Structure formats: structure tokens, C-alpha cells
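Peer 1: Okay, sequence plus prediction incoming.
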Amino acid sequence: MDMYQNPYMALPGITPEEMNFIQQGIADLNDNQKKYFYMNYSSKRKSPQDMLIFCLVGLCLIPGLQRFIVGQIGMGILYLFTAGLCLVGSIVDLVNYKTLAEEYNRKAAFESFQLAKMNL
């Protein structure tokens, strides 16, 4: 794919690793499945900048918000009731916000890929 014709390059904050992961996943999809994958994945995906904002809000206002956003409900409840594990867990999440976003995006890409494979 040409860089200018690749719609994934328009996703905010996309990393080369994420782009490579996506390209490997969609290699055997047809055009309709690729469109379906793109629509589904782009709606689920969280950019690292968004995750940084969620981590800052989680540190200052609502402990565990970043964990609720990425679907880790149990950890979110734990952070909420322990004030972000006495702020240590929230600070660690703030430092590792890119990892949180990358893990979530990998799960979202896999789910979107599975849905696209079922969509004929």
C-alpha cells in the first residue's frame, strides 16, 4: 500500500509497531472486509494522547478512570477504592500510558479482525 492511500496513517498517534501489526492482520482480508475492519477499529481505538489525558484525570480526580476506559473493570474498582493504590498505581499508569494504549489497541484490533473475518 502506498503511504498516501493508506487510511491507517490518518489515525492519531499511530506507531510503526501498531501499523505493522495491523498490516499483518489484514493481509488476507478482501477489500470489503478491510473497510469493515477500518471502520470498526478506528471507532474502538484509543490514541496514546487520549490515554495520557485519562491517566492525568485518573491521578487528579477519579482514580482508576484509565483502567475503566481500557476495559479493566476490576483494576478500575480497585484503584477507585484505594485512591489509585495510594497514588502509586496511578503514577505508574501515567508513566506507562503508551503501554496501556498499545495493549488496548491490540485487543481492539484483534476483535475488529475477528468481526471482519465473519463479515463476508
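Peer 2: That came through, no problem.
Peer 1: Any idea which residue is closest to the centre of the chain?
Peer 2: Most central residue of the chain, judged by C-alpha distance to the mean C-alpha position with C-alpha atoms, centre = their mean, is N105 at 3.0 Å.
Peer 1: Please look at K117 and Q33 and confirm they touch.
Peer 2: Yes. Taking contacts as C-beta atoms under 8 Å, K117 lies within contact range of Q33: 6.9 Å. All C-beta atoms are positioned from the backbone trio N, CA, C, and that covers glycine.
Peer 1: and these two? which has more neighbours close in?
Peer 2: Between K117 and Q33, counting by other C-beta atoms under 10 Å, Q33 is the more crowded of the two (18 against 14).
Peer 1: what's the distance between the top helix by length along the chain and the middle of its chain?
Peer 2: When every helix of the chain is counted residue by residue (DSSP state H), the longest turns out to be helix 97-118. Relative to its parent chain, helix 97-118 has a centroid offset of 6 Å by C-alpha atoms, centre = their mean, to the nearest Å.
Peer 1: which residues are contacting it?
Peer 2: Around helix 97-118, the neighbours that count as contacts under C-beta atoms under 8 Å, 6 or more residues apart in numbering are 13, 15, 17-18, 21-22, 25-26, 29, 33-34, 36-37, 40-41, 44-48, 50-52, 55, 66, 70-71, 93.
Peer 1: List buried residues within these.
Peer 2: 13, 18, 21-22, 25-26, 29, 33, 36-37, 40-41, 45-46, 48, 50-52, 55, 66, 70, 93 (16 or more other C-beta atoms under 10 Å).
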